[in-house]
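**Q** Have a look at this prediction, sequence included:
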Amino acid sequence: MELKPLNLSRTTLNLPQNNNKQLNIDNVNNSKDAENYQKQLKKVSEEFAAWYIYEIFKKMYNTVPKSGLIQESFGERWFREMLLQQYALKTAKTDLKDLSDMIYRSLGGKENTESINSAKNTTYRTEALKLLNSLISQNQESGE
């Protein structure tokens, strides 16, 4: 299965400074509005990548066999969920930053030509895509 970029040409986002004002990506008049839009789009991309990574971490944790010797408490489950969320957020911002960058660009984010053209980032992007494709195919095979 191949990942395809999203086409969101008519998307509107609420700006954080003023909840009544909406920004349409088709008619960005002000450079400050455009900058705010890009920052918000970058943040949303990182959060989406973190959510996806969190789901992978959760499925990985569920494959670990449990002995049942000690009962798992509500606090332990709650802490583990929060810990996995933080791990996923940190991973999306550092190790798998290329994944969040791909999401950012597919949502219409401005590209940074220095980082995109480097051979190192191209290799990382290719590896990230291979990893995602293998995870998607494994999920489809397991019926999830």
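**A** All right, it came through fine.
**Q** where does this protein dip in pLDDT?
**A** For the chain, applying pLDDT under 70 flags the ranges 1-30, 111-121, 124, 143-144.
**Q** Show me the helices in it, by range?
**A** For the chain, the helices defined by DSSP state H occupy 31-62, 74-93, 97-106, 113-117, 119-142.
**Q** for the ones you listed, which one sits closest to G68?
**A** helix 74-93 (13.8 Å; CB to CB). All C-beta atoms are positioned from the backbone trio N, CA, C, and that covers glycine.
**Q** gap between S45 and S142?
**A** S45 sits 27 Å away from S142, going by CB to CB, to the nearest Å.
**Q** Mind checking which of those two has more residues around it?
**A** Comparing S45 with S142 by neighbour count (other CB atoms under 10 Å), the higher total belongs to S45, at 21 against 8.
**Q** measure the more buried one to S137 for me?
**A** Relative to S137, S45 is positioned 24 Å away (CB to CB).
**Q** Over to L99?
**A** From L99 to S137 the distance is 17 Å (CB to CB).
**Q** again, but for K42
**A** K42 sits 29 Å away from S137, going by CB to CB.
**Q** Which one's more surrounded, these two?
**A** K42 (17 against 11).
**Q** isn't the more buried one right next to G109, touching?
**A** Yes - if you go by CB atoms under 8 Å, K42 and G109 touch, sitting 6.5 Å apart.
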